[in-house]
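>>> Show me the folded form of this:
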Amino acid sequence: MPRDTENGVDADGPLADLADLILNVGRLVRARTPEGPHAVTLTETERQVMRVVDLYPGAAPSEIARRTRLQRTNVSTALRSLEGKGMVSRAATDGRGVEVHPTERAAANLRVLRAAWAQELAAILGDDLDTVRQCTRLLGQLEQRLTADGQDVP
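Next up is the predicted model:
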């Protein structure tokens with residue numbers, strides 16, 4: 001069983017397996033994401049930015065960049081595009097700051113996507129909602145820690 005010699009992490013162990021499955025399942029769910037006039041098509045970078053904007057409404061572009069682990073210039077480009085698509089609004093704060101908020105169009109788009117994803121997973125998972133809730137809690141903890149900027153997660 002290979003181990004990472006630098007930090008002792010098992011590259012073939014359950015944590016690596018979990019990461020691999022998360023990435024692949026995310027790709028497979030995304031492949032089933034609805035397209036067309038009822039859903040706004042977003043690039044991968046725009047999806048990452050929207051996720052943070054939805055989770056942290058009012059975040060500054062620099063905070064969005066920290067939480068997505070994207071370059072600030074890529075976030076700025078994505079925000080301009082999202083603004084053009086009617087998905088975000090930017091507002092000046094006191095001083096020279098900017099807050100980014102999701103729009104109603106973004107909320108409606110997210111409802112369409114979540115309904116489609118739920119329908120897709122219901123067909124596969126059935127009614128095993130206790131297991132789904134456990135998995136959701138674990139993935140939520142992972143997301144919170146991976147997007148933390150060091151100020152809101154111990």
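>>> which residues of the chain fall in helices?
In the chain, the helices defined using DSSP state H lie at 14-31, 44-55, 61-68, 72-84, 104-125, 129-147.
>>> Export those helices to a markdown table and append columns for mean pLDDT.
Shown next, in a markdown table, are the helices of the chain (pLDDT from 0 to 100):
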| stretch | mean pLDDT |
| --- | --- |
| helix 14-31 | 92 |
| helix 44-55 | 96 |
| helix 61-68 | 95 |
| helix 72-84 | 97 |
| helix 104-125 | 93 |
| helix 129-147 | 92 |
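>>> what would those look like in JSON lines with distance to G95?
(C-beta placed from N, C-alpha, C; glycine too.) Output for those, formatted as JSON lines (distance: least, CB to CB, whole Å):
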{"stretch": "helix 14-31", "distance to G95": "38"}
{"stretch": "helix 44-55", "distance to G95": "21"}
{"stretch": "helix 61-68", "distance to G95": "13"}
{"stretch": "helix 72-84", "distance to G95": "18"}
{"stretch": "helix 104-125", "distance to G95": "26"}
{"stretch": "helix 129-147", "distance to G95": "25"}
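>>> Which one, of those helices, ends up nearest to P37?
Proximity to P37 (CB to CB) singles out helix 104-125 among the helices of the chain, at 10.5 Å.
>>> re earlier: and of the helices of the chain, who's closest to A92?
Per CB to CB, nearest to A92 of those: helix 61-68, 12.2 Å.
>>> Could you count how many residues lie near R133?
Per other CB atoms under 10 Å, the neighbour tally for R133 reads 10.
>>> so how far is E120 from it?
18 Å (CB to CB, to the nearest Å).
>>> Which among the helices of the chain is found nearest to N7?
N7 lies closest to helix 14-31 among the helices of the chain, at 12.0 Å (CB to CB).
>>> quick check: angle from the closest one to helix 104-125?
Counting by axes from the mean of the first three to the mean of the last three CA atoms, to 10 degrees, helix 14-31 lies at 120 degrees to helix 104-125.
>>> Can you give the distance of helix 14-31 from its chain's centre?
14 Å (CA atoms, centre = their mean, to the nearest Å).
>>> name the helices or strands packed onto that helix?
Packing contacts for helix 14-31, counted by 3 or more CB pairs under 8 Å, 6 or more residues apart in numbering; DSSP states H and E, involve helix 104-125.
>>> which residues touch the helix it packs on?
Helix 104-125 is contacted from outside by 29, 32-34, 38-40, 50, 53-54, 82, 85-88, 102, 131-132, using CB atoms under 8 Å, 6 or more residues apart in numbering.
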